[in-house]
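J.: With the sequence up front, the predicted model follows.
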Amino acid sequence: MTCLGMYSQDLIKLGNRIREQRKQLGLTQEDLAHKAEIDRSYIGGVERGERNLTFKVLCAICAALDCDVATLTKGIPGLPR
């Protein structure tokens with residue numbers, strides 16, 4: 001797998017973790033977007049692993065999800081085998 005392919009998988013993993021945390025809190029994508037001051041469609045793209053979000057946006061999402069960055073990024077990127 002190429003480096004870009006690995007990073008795509010990491011974005012998908014991150015997006016899945018964001019979705020899980022959002023659902024655990026009982027938030028819709030719209031709720032999360034409002035709390036993080038981000039467009040709802042952007043949140044959808046993040047959750048699908050389609051967006052390469054900035055650290056600033058990741059921090060805003062984490063604040064809205066009441067968690068720290070480490071909670072969502074532990075093990076990302078995975079170590080090469």
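T.: Perfect, thanks for sending it.

J.: Check which residues of the longest helix along the chain are buried.
T.: If you go by DSSP state H, the chain has its longest helix at helix 3-24. Neighbour-count burial for helix 3-24, with 16 or more other Cβ atoms under 10 Å as criterion, is recorded at 10, 11, 13, 14, 15, 17, 18, 19, 21, 22. Where C-beta positions appear, they are placed from N, C-alpha and C, glycine not excepted.

J.: Contacts only, for the last one.
T.: Under the criterion of Cβ atoms under 8 Å, 6 or more residues apart in numbering, the contact list for residue 22 reads 28, 29, 31, 32, 47, 65.

J.: likewise the first one?
T.: With contact set as Cβ under 8 Å, 6+ apart, residue 10 has these partners: 76, 77, 78.

J.: Serialize the residues you listed to a markdown table and add fields for distance to residue 56 and secondary structure.
T.: Shown next, in a markdown table, are the contacts of residue 10 (distance: Cβ to Cβ, whole Å; DSSP: H, G, I helix; E, B strand; the rest coil):
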| residue | distance to residue 56 | secondary structure |
| --- | --- | --- |
| 76 | 17 | coil |
| 77 | 19 | coil |
| 78 | 24 | coil |
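
J.: Closest one of those residues to residue 40?
T.: residue 76 (23.8 Å; Cβ to Cβ).

J.: just to revisit the earlier point, columns distance to residue 59, secondary structure and pLDDT on top of the contacts of residue 22, output as a markdown table?
T.: Formatted as a markdown table, those follow (distance: Cβ to Cβ, whole Å; DSSP: H, G, I helix; E, B strand; the rest coil; pLDDT from 0 to 100):
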| residue | distance to residue 59 | secondary structure | pLDDT |
| --- | --- | --- | --- |
| 28 | 21 | coil | 98 |
| 29 | 18 | helix | 98 |
| 31 | 18 | helix | 98 |
| 32 | 14 | helix | 98 |
| 47 | 17 | helix | 98 |
| 65 | 11 | coil | 98 |
